[in-house]
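Engineer: Here is the input, now give the coordinates:
(chains A and B)
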Amino acid sequence: MTAKNPVTIRVVDQHGQPADGALVAVVQSSVPFPEIGMVADAKGEINLSLPEGQFTFSAHAQGGASGHVRFAVASGQSPLRVDLVLSP
Amino acid sequence: MQQFTKLQLSQAFGSIRSWEKNMIKLESVTKPLGDLSASRAAELADASEPLVHPGSKGSASDAPSRAETHYVVVGKSDRPLGRQFSSGDAAAETVIDVDTRSRVLETDLAPWRMVAALRMLAATGSRFIGTGWLAGPRTVITAGHCVHQQSAFGGWAENIEVSAGRNGPSFPFRTVLATRFSSLDRWIEQEDPDFDIGCIHLEEPLGNQVGFFTFASPAPSVLESHLVNISGYPGDLGNGTQQYFSANRVLRVGDRRVFYDVDTFGGQSGSPVWIQEAQGAPPTVIGIHAYGDSATPQTLGQPANSAPRIIPEVFDRIAAWVAEDSAGLPHA
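Structural biologist: Residues are numbered from 1 along each chain as shown, chains lettered A, B, ... in the order given. Next up, the predicted model:
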């Protein structure tokens, strides 16, 4: 199995507040990634281990706010933290 | 409900396992339980039988579904379906060009009630959503990564809420909490997308009420150019609580996967990919949706989403899970 790297995605609204319960999914990636939906926790966070590659994550909150973030994961890198900001 | 004989099903699907030249051996791997001893797997289906496992509409309302009449596509097509619908944004790659997904409101009727919204809890405390479909009275089939994955769950799911036919805040049937799961060794050990298949074993016979799908392992020639239907619970529309449907033509039939440009989104992993030979024929699941375009080989030459096919070995395994669950047997 390919080595994985820890990644935390923090989903926040336009005011920087955690988007508890937002639904997060990968919409583009350079490696196969399944179509599972991830639920942001009370801190707005999703914790994953990802292989090396490029990823675009999308988030949708109740009420219709949504957003995307694109980032790259390098093999052996230190834990990565990414902010995903929702727009109304 | 309309019943079909094995002969009729065999004639429709022509699916004797003779078309598979290189049979592979698939083992079931089940979430360990502390107080249950291992048991041998149930006997596999007789190789001489057509690879079709009949479904049931269940004991709930047998009223016809208008959505089934209007949405579900049947038979083959020599060209892709027109994209006349639009219900959302097209930013996602798994929504290919214009979003053609349509919401299903009659989720208390067959076949929609045989599709279940899943909410998974990992041992880490993280939560996820997916989709499953009833394959037997006590058996829900889904993607393997909905029951077991290292990267997000850290292994097996802790538990999964199964809500058949969920419709937003409405639950037409009781949500069942499941803690017993199985998958295939090739998924557990290698996370091979071709074998990304999982099973949720229910403690109560939900399928007797809501029904369960026919599933089959048709020959590739049967699937080529066939129209396929997918219904599930995407995260971008209705926050994973509403059922959405889309359909289109099969683009390619691989050795172990089937590719199509049917629109899907994260949360629809585990959705049934079904065909229908004609109006009134049983909806017959031939694959388990699991991947967007990221898992599509470039040789296909166009964006496509995909599902592990129910190849004969997978058919045998699902049939064995159904038989074991129906008999109340523990899983090896």
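Engineer: Any regions of chain A where pLDDT drops low?
Structural biologist: Along chain A, the parts satisfying pLDDT under 70 run over A:1-3.
Engineer: At which residues are the strands of it located?
Structural biologist: Secondary structure of chain A (DSSP state E): strands at A:5-12, A:23-29, A:37-39, A:45-50, A:53-60, A:66-73, A:80-85.
Engineer: Can you say which of these is nearest to chain B?
Structural biologist: strand A:23-29 (2.2 Å; Cβ to the nearest Cβ). To be clear about C-beta, it is placed using only N, CA and C from the backbone, and glycine gets the same treatment.
Engineer: Report the buried residues of the closest one.
Structural biologist: Of all the residues in strand A:23-29, those buried under the rule 16 or more other Cβ atoms under 10 Å in any protein chain shown are A:23-29.
Engineer: Looking at those residues, spot the one nearest residue A:44.
Structural biologist: Nearest to residue A:44 out of the buried residues of strand A:23-29 is residue A:24 (Cβ to Cβ; 9.8 Å).
Engineer: mind checking how far that closest one is from residue B:293?
Structural biologist: Per Cβ to Cβ, to the nearest Å, residue A:24 is found 18 Å from residue B:293.
Engineer: Quick check: pLDDT value at residue B:164.
Structural biologist: As predicted, residue B:164 sits at a pLDDT of 98.
Engineer: now the one 4 residues further on
Structural biologist: We note a pLDDT of 96 for residue B:168 in this prediction.
Engineer: That one touches residue B:244, doesn't it?
Structural biologist: No - applying Cβ atoms under 8 Å as the test, residue B:168 and residue B:244 come out as separate, 11.8 Å apart.
Engineer: before we move on, the earlier item: which members of the buried residues of strand A:23-29 additionally contact chain B?
Structural biologist: A:23-29 (Cβ under 8 Å from any Cβ of the partner chain).
Engineer: Residues of the stretch 101-250 of chain B that sit close to chain A?
Structural biologist: B:124-130, B:143, B:145-146, B:149-152, B:190-191, B:193, B:196, B:234-236, B:239-240.
Engineer: Apply 7 Å and report the result again.
Structural biologist: The interface of the stretch 101-250 of chain B toward chain A, taken as Cβ under 7 Å from any Cβ of the partner chain, is made up of B:126-130, B:143, B:145-146, B:151-152, B:190-191, B:193, B:196, B:235-236, B:239-240.
Engineer: ok, what's across the strand from residue A:70?
Structural biologist: Beta-bridge partners for residue A:70, by DSSP bridges, are residue A:56.
Engineer: Tell me, how many residues neighbour it?
Structural biologist: 12 (other Cβ atoms under 10 Å in any protein chain shown).
Engineer: Same check on residue A:51?
Structural biologist: By other Cβ under 10 Å, the residues close to residue A:51 number 18.
Engineer: quick one: it and residue A:30 touch, right?
Structural biologist: No - counting by Cβ atoms under 7 Å, residue A:51 sits too far from residue A:30 to count as a contact (9.4 Å).
Engineer: for the stretch 201-332 of chain B, what spans make up the strands?
Structural biologist: B:214-216, B:227-232, B:244-253, B:257-260, B:272-275, B:284-288, B:305-308 (DSSP state E, counting those that start in this stretch).
Engineer: quick one, which of these is packed in tightest?
Structural biologist: strand B:305-308 (a mean of 30; mean count of other Cβ atoms under 10 Å in any protein chain shown).
Engineer: do it and chain A meet at all?
Structural biologist: No - using Cβ under 7 Å from any Cβ, strand B:305-308 never reaches chain A; the gap is at least 7.7 Å.
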